[in-house]
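1. have a look at this fold, sequence not included:
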């Protein structure tokens, strides 16, 4: 049982792309990696078997806000943690709940102590503090636990962004202190990642990155991007942060993004990604494939009996036809949601694994530059 | 490529239970068998992989009414039939659409020619005749095709029941004639099953069974039961029909039923069953298990981390806990619908396979009598 380790295996000479390996007590993760989002304890519409055999996921996310409300820490502790509860025995990362408090909950009030908010389910009142959020993530039993932060909206004025960043830094210090004062709950090592904020101001992002870089933690995250700012700005600030963060620690860009976003951000030095896009867009008939983007609702697929995607290594993507999935989605059959979600996630995992291969092979940039326009094509 | 064959392997000396084997061009089926219902081309919330590896299904159903409306025969023909379309390469049986026309469609009008009805989806007007229903099922490409019948409601008065049965018989003759005048569409043999009607009148059921017995077809079905009549009456008429039907042909009791219904009807000589109960009730939090019935919504399962059912041979039933499934169902997670449906179907398949073993072993009745009260227990 040991703290998370990151082995940087290769850095691309023509970009800042990296290939590495993260080791946790629940197994290793090859980076760059995409983490499917298991919001309320399941990756929506998938079983653990599908995550392993079809998607080939190496680590999944859990949402602290959702799991705290349902099933609650009492049930999760009685189960022996989320791994035991949901049957996923590989690494789990939990976010801090901060993002959901700001995007989902009602009547929130930010104070120095923490955030008071109302549950989006029943309106009940709750308080999240840096300390309570560490306790909750200890109870969930994630391998990687995120610091409690405030994620300011885009755009935010400079004064607010600076105040918010400073609060996030003070909260981070409290998170670190409380995390170190509390034991691992289930016999394996949990790891805390700090989060860079600072909105879209260079001096703030630089300061926040340096603040985060100076913590003695096993990885770093970049938050507050992909919240509505232009894509180019997101890339600019991702690069700025990566350049300040320690080389020897994995870098997690939170909530990003489209397939091309992921490739571009790998080129800027990001190692870990998560996003609800593959599952949420899948449920809404949008497929990402190795040949481009498909709106499977479209009449043009009605009699197209070719596989969803024969360019990736996933049985479901290779086996079922576009015409069949279109039919299931049109008929509102639940199986359609599953097939679309499995395919999109398998595609995302294929993408980061291919990226890793090309980083290791030394032709990442030319591969990426050729692939991005293909992936963006509307089929 | 050959017509359906039925090999009767064993008849229980203490009851009328039978063990047999049905051979079709898409493979063999061990009887007694339960057939999961794949309404609109998918068994709701399941993939073909789950049907094979978890449920261990040998044959599934398709609904002619639903498939005719969506995706329509043009798409199904272009695909090369339903097997090619949905990826299920084992036997498929399609109902005639009659039942859905009477239970789902609007503004239906029964005439000698057939039934005019309105689609429940868009209100469009359609006509089903014995001939058109044979054509549609030819296009779907089912291995077993059902005759077009009228399913009278319970209770029906004698005059109506008799008139309806006579219409069903005339329609059956037209089905047989048209079926024999049309070729198999996809290179394998399709088989037509006639349906016994006659409501809850002994003389009508006897007459209808004899009418059906005298057709030169490869199997027989019993329709119009489990439509609201008392359970004992359903058993009485099932037995009456089975006693009249030919010994050397498989008998399919349509739309039945609970686990104990299935065991009792196996004892009366039924070989094939279908029902939406395992999937529909599963989606509504009701689990059938080898230890009794579970309402997984119930608070009592909140911290019960025992498997859904460790008494049956299904990985999902053995792997996931009651507490986890309860959480998923409470949180309205799609994965919960899948786990409940997979489990219930796996349980139904386990049940008929166990029944078969006990018929072959010669202790079917004592096994059934011991098991039925267990299965009915509310846990």
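-> Nice, thanks for sending it over. Predicted, not measured: the structure shown is a model, and the values here were computed from it.
2. isn't residue A:55 up against residue A:344?
-> No: assessed by C-beta atoms under 8 Å, residue A:55 is found out of contact with residue A:344, at 9.2 Å. Glycine gets a C-beta too; all of them are placed from N, C-alpha and C.
3. now the helices for the stretch 151-300 of chain A?
-> Along the stretch 151-300 of chain A, counting by DSSP state H, counting those that start in this stretch, helices occupy A:158-181, A:202-213, A:231-244, A:259-267, A:277-283.
4. pull out the buried residues from the longest one.
-> Translated: helix A:158-181. Using 16 or more other C-beta atoms under 10 Å in any protein chain shown as the test for burial, helix A:158-181 gives A:161-162, A:164-169, A:171-172, A:174-176, A:178-179.
5. same thing with the last one?
-> Neighbour-count burial for helix A:277-283 flags A:277-279, A:281-283 (criterion: 16+ other C-beta under 10 Å).
6. surely residue A:9 is in a strand?
-> Yes: applying DSSP: H, G, I helix; E, B strand; the rest coil, one finds residue A:9 inside a strand.
7. I'd say it and residue A:21 touch.
-> Yes: if you go by C-beta under 8 Å, residue A:9 and residue A:21 touch, sitting 6.3 Å apart.
8. joint contacts of the two?
-> Here residue A:9 and residue A:21 share no contacting residue, scored by C-beta atoms under 8 Å, 6 or more residues apart in numbering or on different chains.
9. next SSE after the top helix by length along chain A?
-> Identified as the longest helix of chain A according to DSSP state H is helix A:334-361. Elements were assigned by DSSP states H and E; along the chain past helix A:334-361, the next helix or strand is helix A:364-376.
10. can you tell me which of the buried residues of helix A:277-283 lies nearest to chain B?
-> The nearest member of the buried residues of helix A:277-283 to chain B, counting by C-beta to the nearest C-beta, is residue A:283 at 8.4 Å.
11. quick one: contacts of stretch A:200-212?
-> Counting by C-beta under 8 Å, 6+ apart, residues outside stretch A:200-212 touching it are A:154-156, A:158, A:161-162, A:165, A:168-169, A:172, A:194-199, A:220, A:229, A:233, A:237, A:240-241, A:243-245.
12. which residues of the stretch 1-150 of chain A fall in strands?
-> With DSSP state E, counting those that start in this stretch as the criterion, the stretch 1-150 of chain A has strands at A:5-11, A:18-24, A:27-31, A:33-35, A:37-38, A:60-62, A:92-94, A:106-110, A:115-118, A:125-128, A:144-146.
13. including mean pLDDT, could the helices of the stretch 151-300 of chain A go into JSON lines?
-> Below are the helices of the stretch 151-300 of chain A laid out as JSON lines (pLDDT from 0 to 100):
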{"stretch": "helix A:158-181", "mean pLDDT": "98"}
{"stretch": "helix A:202-213", "mean pLDDT": "98"}
{"stretch": "helix A:231-244", "mean pLDDT": "98"}
{"stretch": "helix A:259-267", "mean pLDDT": "98"}
{"stretch": "helix A:277-283", "mean pLDDT": "98"}
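14. what bridges to the residue positioned nearest the centre of chain A?
-> Nearest residue to the geometric centre of chain A (C-alpha atoms, centre = their mean): residue A:274, 1.9 Å. Beta-bridge partners for residue A:274, by DSSP bridges, are residue A:35.
15. most distant residue from the centre of chain A?
-> Ranked by distance from the centre of chain A (C-alpha atoms, centre = their mean), the top residue is residue A:303, with 35.5 Å.
16. just to revisit the earlier point, tell me how far the residue nearest to the centre of chain A lies from residue A:223.
-> Using C-beta to C-beta, to the nearest Å, we find residue A:274 at a distance of 11 Å from residue A:223.
17. just to revisit the earlier point, surely the residue nearest to the centre of chain A touches residue A:62?
-> No: using C-beta under 8 Å, residue A:274 is not in contact with residue A:62; the gap is 10.6 Å.
18. which neighbours do the two have in common?
-> Common neighbours of residue A:274 and residue A:62 (C-beta under 8 Å, 6+ apart) are residue A:93.
19. look at the closest residue in space to residue A:228 that isn't next to it in sequence and say how many residues are nearby.
-> Nearest non-adjacent residue to residue A:228, counting by C-beta to C-beta, 6 or more residues apart in numbering or on different chains: residue A:154, 4.3 Å away. Here the count is done by other C-beta atoms under 10 Å in any protein chain shown, and residue A:154 has 17 residues near it.
20. again, but for residue A:230
-> Per other C-beta under 10 Å, the neighbour tally for residue A:230 reads 10.
21. do you know how far it is from chain B?
-> In this view, residue A:230 and chain B are 34 Å apart by C-beta to the nearest C-beta, to the nearest Å.
22. separation between that residue and residue A:192?
-> 32 Å.
23. and what of residue A:373?
-> Taking C-beta to C-beta, one finds residue A:373 at 39 Å from residue A:192.
24. which one's more surrounded, the two?
-> residue A:192 (23 against 10).
25. specify the beta-bridge partners of that one.
-> residue A:145.
26. so it sits against residue A:177, correct?
-> No: counting by C-beta under 8 Å, residue A:192 does not reach residue A:177; the two are 10.6 Å apart.
27. for the residue nearest to residue A:228, phi and psi?
-> phi -110, psi 130 (degrees, to the nearest 10).
28. so who does it touch?
-> A:199-200, A:227-229.
29. hang on, the earlier thing: for the strands of the stretch 1-150 of chain A, give me JSON lines that also has mean pLDDT and mean neighbour count.
-> Shown next, in JSON lines, are those (pLDDT from 0 to 100; neighbours: other C-beta atoms under 10 Å in any protein chain shown):
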{"stretch": "strand A:5-11", "mean pLDDT": "98", "mean neighbour count": "15"}
{"stretch": "strand A:18-24", "mean pLDDT": "98", "mean neighbour count": "22"}
{"stretch": "strand A:27-31", "mean pLDDT": "98", "mean neighbour count": "19"}
{"stretch": "strand A:33-35", "mean pLDDT": "98", "mean neighbour count": "25"}
{"stretch": "strand A:37-38", "mean pLDDT": "98", "mean neighbour count": "25"}
{"stretch": "strand A:60-62", "mean pLDDT": "98", "mean neighbour count": "24"}
{"stretch": "strand A:92-94", "mean pLDDT": "98", "mean neighbour count": "26"}
{"stretch": "strand A:106-110", "mean pLDDT": "88", "mean neighbour count": "12"}
{"stretch": "strand A:115-118", "mean pLDDT": "94", "mean neighbour count": "19"}
{"stretch": "strand A:125-128", "mean pLDDT": "96", "mean neighbour count": "16"}
{"stretch": "strand A:144-146", "mean pLDDT": "98", "mean neighbour count": "27"}
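30. so which of the ones you listed gets nearest residue A:297?
-> strand A:37-38 (23.0 Å; C-beta to C-beta).
31. how about the closest one and chain B, any contact?
-> No: if you take C-beta under 8 Å from any C-beta of the partner chain as the test, strand A:37-38 misses chain B, and the best it gets is 9.3 Å.
32. ok, back up a step: from residue B:78, how far out is the residue farthest from the centre of chain A?
-> Taking C-beta to C-beta, one finds residue A:303 at 5 Å from residue B:78.
33. contacts only, for the residue nearest to residue A:23 when sequence neighbours are not counted.
-> Nearest residue to residue A:23 in three dimensions, chain neighbours excluded: residue A:5, at 4.5 Å (C-beta to C-beta, 6+ apart). Counting by C-beta under 8 Å, 6+ apart, residue A:5 touches A:22-23, A:218.
34. same question for residue A:44.
-> Per C-beta under 8 Å, 6+ apart, neighbours of residue A:44: A:279, A:283, A:337, A:341, B:333-335.
35. I'd say the residue farthest from the centre of chain A and residue B:80 touch.
-> No: using C-beta under 8 Å, residue A:303 is not in contact with residue B:80; the gap is 11.2 Å.
36. who in the stretch 251-379 of chain A is up against chain B?
-> Checking the stretch 251-379 of chain A against chain B by C-beta under 8 Å from any C-beta, the hits are A:302-303, A:305, A:315-316, A:319-321, A:323-324, A:327-328, A:330-331, A:333-339.
37. many thanks, have a good one.
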